[in-house]
Structure formats: C-alpha cells, structure tokens
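Student: okay, sequence plus prediction incoming.
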Amino acid sequence: MDQFAAKIETLEHQLMRAWMVRDRKAMRGMMSRDFIFHLGGSRGAILDRPSWLDASSGRFKLEAYRFGEIYARKLGKTAVFVTPVQFEMKMGAREWTGAFGLTDIWQKSRLRRNWQLVERVIARPESDEDMAAAIRDLQLWR
C-alpha cells in the first residue's frame, strides 16, 4: 500500500472509532462544514452534517466494522476511498448488520491543510453476483 492510501485508511479508522465511541467532537473535526451522508438503495436518504453528527453520536450506533479490500485514489486536493465493509450497526432498537459498500470523498482543507470528509455513501452491495463480471467485460483497457 502506498503512503497516501495508508494515510487515508488511517483517517477512515480514526473516524470509525470516533463513531463507535460516539465522540462527536472528533467526528466534527474530521468533517467539512458541507458534509453530506447518502444512504444508497432503492429508497435513498440524505443527512447533512448536523443531522449526521446528532444521529451518529446518539441513535445511529456503530458497534463493529471490518474493511475489505481498499481502493484509495488521490485527485489533486480530493481523495476517494472505496471499500466493501461489514457493519454491525443499530438504528435505535433496529439491528442493521451485514455487508455494505462504503465510498468516502475527502478534500484537503484550505486553512489547516488537513483532510476532511465531505461526502459518505453507504449502500447495500449488488445482489446479482454476475454484475461485476458483466461490468468488467465493458473495460476497454484489458
């Protein structure tokens, strides 16, 4: 893993641990003011930063997580982090556990020059196992 990918992965683990212990201050420090959370799926939902911070430090609890294979890419002052992830979460009394896809977009802040999370997308993976192979068949660079 290159140095940049390791840096972004470290930030991801810090953010996840802050969510697990409901450390609102740590999460707020890692997120940009215009942060957006997207729940992907057949009926998606969006939370803004204040809503996410309130939910993730209260009713939306992360109890455990495990990243799969990590993809990180730097695009100037923007970074993309993508991984399959196993989550153990609760929304109030409702269990929400299993395999998900996680995509985070980070940007380098102008003032402090640190990486801040601007967008997070969590979605259930595609249930059609042949879809990945079908998409790979479309690749022109093979």
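Tutor: Happy to help now that I have it.
Student: C-alpha only now, for contacts and for neighbours.
Tutor: Noted.
Student: longest helix anywhere in this protein?
Tutor: helix 3-20 (DSSP state H).
Student: the helix or strand following it - contacts with which helices or strands?
Tutor: Helices and strands here follow DSSP states H and E; after helix 3-20, the next one along the chain is helix 24-30. On a contact count with 3 or more Cα pairs under 8 Å, 6 or more residues apart in numbering; DSSP states H and E, helix 24-30 meets helix 3-20, helix 49-56, strand 115-123.
Student: give me the distance from the longest one to the chain's centre.
Tutor: Right, the one you point to is helix 3-20. Taking Cα atoms, centre = their mean, to the nearest Å, one finds the center of helix 3-20 at 10 Å from the center of the full chain.
Student: as CSV, the helices and strands packed on helix 24-30 with mean neighbour count would be great.
Tutor: CSV is the format used below for these (neighbours: other Cα atoms under 10 Å):
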stretch, mean neighbour count
helix 3-20, 16
helix 49-56, 17
strand 115-123, 20
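Student: least reliable of these going by mean pLDDT?
Tutor: When these are compared by mean pLDDT, helix 49-56 comes last with a mean of 92.
Student: who touches the helix or strand following it?
Tutor: Counting by DSSP H and E, the element after helix 49-56 in chain order, helix or strand, is strand 60-67. Residues outside strand 60-67 that contact it (Cα atoms under 8 Å, 6 or more residues apart in numbering): 16, 19-20, 22, 55-56, 83-92.
Student: show residues contacting the longest helix of the chain.
Tutor: Residues contacting helix 3-20 (Cα under 8 Å, 6+ apart): 24, 26-27, 30, 56-57, 61-65, 71-74, 79, 81.
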